[in-house]
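Colleague: Next comes the sequence, and after it the predicted model I'd like to discuss.
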Amino acid sequence: MINKILNFFKEYNARKDEEPRSGKLYAISALFNTPNEIMNAATEVADKGYRRFDTFTPYPVHRLDQAMGITKPLVGPIAFAGGMLGCFLTLLMIWWMSDADYPNIIGGKPFFSLPPAIPITFEGTVLLTGIATVIGMLVLLNKLPKINNPLNDTEFMKHVSSDKFGIVIGANDKQFSESEIRSLFESMGAHDIQNIYYRESNLTNKTPIFDSKFIATLIAVAGLTALISYFTLNVVLYDVVPFDWMRHQEKINSQSPSDFFQNKSGMRMPVEGTVARGFMPYEYKGMPDSSVKQLANPLPADSKILERGQDRYNVFCSPCHGYFGDGDGRLNEQFPKPPSLHNNKVINWTDGNLYHVLTNGQNVMPSYESQISRDDRWAIVHYIRALQRAKNAKEQDLPK
Ligand code: HEC
């Protein structure tokens, strides 16, 4: 069986070797025995001014490219241009999608901004750099896919891929002259100097990619792949239950019961002493007001704050304390009558002490910590100060 397959390839190769060569000259080749010889040959051929030549070695020979006079390869700039194009196109795409075509407010962020666009821009840059490099190197510079290079299936190729070092000068070189090149090769001690002619198919079939057999094979492979995929997905895997482990996982939703805990509640109380994010607890909570020493009003006493303080005072405090703090609120007779806020004790209190009473409560007066925000409580303190000053206004307080 294996012998049969090997024989098939042998015969196939033999037939290929027999493919007739045309009379058109492609290049002149020469073989050398050592790397040193090929180095010298490359240097000399480059010095003589030949440009369309190439060297072939069975393994990489260092500095051969320098000897051949090859300067910086063009693939670098091509890759750079591809990368820049990718970067620009990706940014344009993200801007177009998120700012022009379908602008969505997400968390109050700008429609387009650079930092979140950088990862995708990076990917786009890398992608186009890669594509440009491959196309630039293989297609533009190496002229691939060219599977019927005239050098293929020659004695020259067989030698340089196993034990000899070869050089080829193309017939399309500007200063090509068969006799001159032959004598040049001979003077360098080359052996096996040969003319390599184009194959018939080189001259007719320019791009083997459009070969009808090749295209037919491609179509057949594509069709076969599609058929197998269709059969696998729609017949073999049709009855397999889709994976939904993520949806049906063991977990407790908020507000739902659970047998795991003794009180049958799925939700837990926060650990004692837990502080909510961005919230500093009142440090004199439950302490006597004499402990409140250094607590100053953090808000400025401007008209905006005073108005806010008045508004909150009228909503929360006036029912008991009255609109002007006289202790004559609307809840008279239904709740213990509060003292006037204009007595000497309260007038002489610090702002911190006032704040302490509304935050902590005092005797029958409840704490307002949970109803009124911290800043609003300080605004009310400012407003009470304003009320006290208005009640005890002196002559010099009047506008002149
Ligand atoms: C439900 C009625 C009621 C409400 C509403 C109320 N208080 Fe009082 N407040 C009282 C009573 C009663 C007292 C006296 C408590 C005591 O016996 O020490 C008092 C005492 C005070 C004192 C201390 C007075 C002193 O001489 O010791 C201040 C200051 C005060 N309240 C401010 C406020 C502020 C500011 C608000 C609005 C956030 C407010 N209160 C809302 C009933 C109330």
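Modeller: Structure received.
Colleague: only C-alpha atoms for contact and neighbour calcs from this point on.
Modeller: Will do.
Colleague: Neighbours of whatever residue of the stretch 251-400 of the chain ends up closest to the ligand, how many?
Modeller: Proximity to the ligand, evaluated over the stretch 251-400 of the chain using C-alpha to the nearest ligand atom, is greatest for residue 317 at 3.3 Å. Counted by other C-alpha atoms under 10 Å, the residues lying close to residue 317 total 20.
Colleague: Ok, the one 4 residues further on next?
Modeller: A total of 23 residues lie near residue 321 under the criterion other C-alpha under 10 Å.
Colleague: For residue 239, see how far away residue 213 is.
Modeller: Counting by C-alpha to C-alpha, to the nearest Å, the gap between residue 213 and residue 239 amounts to 39 Å.
Colleague: Residue 108 now?
Modeller: Applying C-alpha to C-alpha to residue 108 and residue 239 gives a distance of 46 Å.
Colleague: and the gap between residue 238 and the ligand?
Modeller: Distance, residue 238 to the ligand, by C-alpha to the nearest ligand atom, to the nearest Å: 69 Å.
Colleague: neighbours of residue 391, just the number please.
Modeller: Residues within reach of residue 391, counting by other C-alpha under 10 Å, total 13.
Colleague: Can you tell me the closest non-neighbouring residue to it?
Modeller: In space, and not counting its chain neighbours, residue 391 is closest to residue 342: 7.7 Å by C-alpha to C-alpha, 6 or more residues apart in numbering.
Colleague: Phi, psi for the most centrally placed residue in the chain please.
Modeller: Compute the mean C-alpha point of the chain, and by C-alpha atoms, centre = their mean the closest residue is residue 119, 2.0 Å away. Torsion angles at residue 119 (phi, psi; degrees, to the nearest 10) stand at phi -60, psi -50.
Colleague: tell me which residues in the longest strand seen in the chain are buried?
Modeller: The single longest strand within the chain, with elements called by DSSP state E, is strand 21-32. For strand 21-32, a neighbour-count test (16 or more other C-alpha atoms under 10 Å) marks 21, 25, 26, 27, 28, 29, 30, 31, 32 as buried.
Colleague: Write out the residues of the stretch 201-350 of the chain neighbouring the ligand.
Modeller: The stretch 201-350 of the chain has residues 313, 316, 317, 319, 320, 336, 337, 338, 339, 341, 346 near the ligand, with proximity defined as C-alpha under 6 Å from any ligand atom.
Colleague: which one of those is nearest residue 261?
Modeller: The shortest gap between residue 261 and any of these belongs to residue 316, at 40.2 Å (C-alpha to C-alpha).
Colleague: Where does pLDDT dip in the chain?
Modeller: Residue ranges of the chain with pLDDT under 70: 15-19, 145-147, 205-208.
Colleague: Would you map the strands across it?
Modeller: Counting by DSSP E, the chain has these strands, from start to end: 21-32, 53-56, 165-170, 191-199.
Colleague: Dump these to TSV, plus distance to the ligand.
Modeller: Output for these, formatted as TSV (distance: least, C-alpha to the nearest ligand atom, whole Å):
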stretch	distance to the ligand
strand 21-32	101
strand 53-56	94
strand 165-170	99
strand 191-199	102
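Colleague: Endpoints of stretch 171-189, how far apart?
Modeller: Separation of the first and last residues of stretch 171-189 by C-alpha to C-alpha is 21 Å.
Colleague: Please point out which parts of it sit buried.
Modeller: Using 16+ other C-alpha under 10 Å as the burial criterion, the residues of stretch 171-189 that qualify are 171, 176, 181, 182, 184, 185.
Colleague: List the contacts of that stretch.
Modeller: Stretch 171-189 is contacted from outside by 25-28, 30, 32, 37, 41, 49-53, 170, 193, using C-alpha atoms under 8 Å, 6 or more residues apart in numbering.
Colleague: Max pairwise distance over those residues: which two?
Modeller: Comparing all pairs in the contacts of stretch 171-189 by C-alpha to C-alpha, the longest separation belongs to 25 and 37, at 25.4 Å.
Colleague: ranges for the helices of the stretch 251-400 of the chain?
Modeller: Along the stretch 251-400 of the chain, counting by DSSP state H, counting those that start in this stretch, helices occupy 303-316, 318-321, 344-348, 351-360, 374-391.
Colleague: Pop the domain breakdown of the protein in here.
Modeller: Here the chain is described, according to automatic domain parsing, as comprising the domains 18-207, 289-393.
Colleague: how about CSV for the ones you listed, with distance to residue 280 added?
Modeller: Formatted as CSV, the domains of the chain follow (distance: least, C-alpha to C-alpha, whole Å):
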stretch, distance to residue 280
domain 18-207, 25
domain 289-393, 10
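Colleague: out of those, nearest to residue 231?
Modeller: Between residue 231 and those, the shortest separation by C-alpha to C-alpha is 32.9 Å, and it involves domain 18-207.
Colleague: Just give me the closest of the buried residues of stretch 171-189 to residue 302.
Modeller: Distance ranking of these against residue 302, using C-alpha to C-alpha, places residue 171 first at 93.6 Å.
Colleague: From the ligand, how far out is that closest one?
Modeller: Spatial separation of residue 171 from the ligand under the definition C-alpha to the nearest ligand atom is 102 Å.
Colleague: swap in residue 223?
Modeller: Separation of residue 223 from the ligand (C-alpha to the nearest ligand atom) stands at 80 Å.
Colleague: what does residue 174 give?
Modeller: Here the distance between residue 174 and the ligand works out to 100 Å (C-alpha to the nearest ligand atom).
Colleague: Over to residue 158?
Modeller: From residue 158 across to the ligand, the span is 100 Å (C-alpha to the nearest ligand atom).
Colleague: Tell me how far that residue lies from residue 46.
Modeller: Between residue 158 and residue 46 the computed distance is 25 Å (C-alpha to C-alpha).
Colleague: Could you check which of the two has the larger neighbour count?
Modeller: The residue with more neighbours, out of residue 158 and residue 46 and counting by other C-alpha under 10 Å, is residue 46; that gives 17 against 14.
Colleague: ok, that one - contacts?
Modeller: By C-alpha under 8 Å, 6+ apart, the neighbours of residue 46 are 67, 68, 69.
Colleague: Give me the buried subset of those residues.
Modeller: Of the members of the contacts of residue 46, the ones counted as buried by neighbours, 16+ other C-alpha under 10 Å, are 67, 68.
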